[in-house]
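Visitor: predicted coordinates and the sequence they were generated for:
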Amino acid sequence: MLSAPRPTPCCARSTFRGVALTVADVMGKGPAAGALAASVQAAFRAQDPDSNVADVVTATDERVSPDLVIMESFATAFHAHLDQATGRVDYGDAGHGIAMHLRAGQQTPHLLLSHDLPLGVHPGAWRRTSGSLMLEPGDALIVCSDGVLDLYDGTLAALNQLATLYRLAPAAFLIAVKELVMDRGADDDITILVLTRTR
């Protein structure tokens, strides 16, 4: 996991069946955004990590929305649960949409697009949705903050280039991203979570 300072909380928690993972990104910069990011992270950590992922996102939204509304801000989030015995990943995406499933033997990444609004935008207006995927041996799930897109052209097409970088040398992927940041600079936070299955 690679992360630079700024409001992108990223956390992993052990669960009864595996691990729960969260990447969230708060709009804005500075101390106020940092405080909101800490609140979002605390709200996710307050939830039962074994609960349905959509319910976790919904409960987190209800908890943090008052502060986000007051600050005229919002947060995007990708929350997932991995069942380590089966490789099944259930996920909920609150307006984040910067995640991809790299399947072994396939060059084109499967983008996990978001169908829900960010946290703090019309909380409780509708039921949150969830998706699932099977992480097979050799597969990878990569979730990023939007700062990663700015290392390329700033669009989701950058994920294709990021996938190519990963496939060139999976073990050295995060080092390659760090070198890219040093070479091109970064005005926004850079957070990348990589989940792989080896067998």
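Guide: Arrived safely, thanks for sending.
Visitor: relative to residue 40, how far out is the residue minimising distance to the centre of the chain?
Guide: Nearest residue to the geometric centre of the chain (C-alpha atoms, centre = their mean): residue 23, 3.5 Å. Counting by C-beta to C-beta, to the nearest Å, the gap from residue 23 to residue 40 is 11 Å. Glycine gets a C-beta too; all of them are placed from N, C-alpha and C.
Visitor: likewise residue 148?
Guide: 19 Å.
Visitor: okay, those two: which has more neighbours?
Guide: residue 40 (28 against 24; other C-beta atoms under 10 Å).
Visitor: roughly how far does the more buried one sit from residue 60?
Guide: Separation of residue 40 from residue 60 (C-beta to C-beta): 7 Å.
Visitor: give the residues shared as contacts by the two.
Guide: Counting by C-beta atoms under 8 Å, 6 or more residues apart in numbering, the shared contacts of residue 40 and residue 60 are 77, 119.
Visitor: what's around the nearest residue in space to residue 166 that is not next to it in sequence, how many residues?
Guide: Nearest in space to residue 166, with sequence neighbours left out and distances taken as C-beta to C-beta, 6 or more residues apart in numbering, is residue 173 at 4.8 Å. Counted by other C-beta under 10 Å, the residues lying close to residue 173 total 20.
Visitor: quick check, residue 173 in contact with residue 194.
Guide: Yes: in this structure, residue 173 is within contact of residue 194 by C-beta atoms under 8 Å, at 6.6 Å.
Visitor: need the contact list for the closest residue to residue 112 other than its chain neighbours.
Guide: Spatial nearest neighbour of residue 112, chain neighbours left out: residue 99 (4.2 Å); criterion: C-beta to C-beta, 6+ apart. Counting by C-beta under 8 Å, 6+ apart, residue 99 makes contact with 78, 91, 93, 111-112, 141-144.
Visitor: gap between stretch 100-110 and the chain center?
Guide: How far stretch 100-110 lies from its chain's middle: 17 Å, per C-alpha atoms, centre = their mean, to the nearest Å.
Visitor: much appreciated, bye for now.
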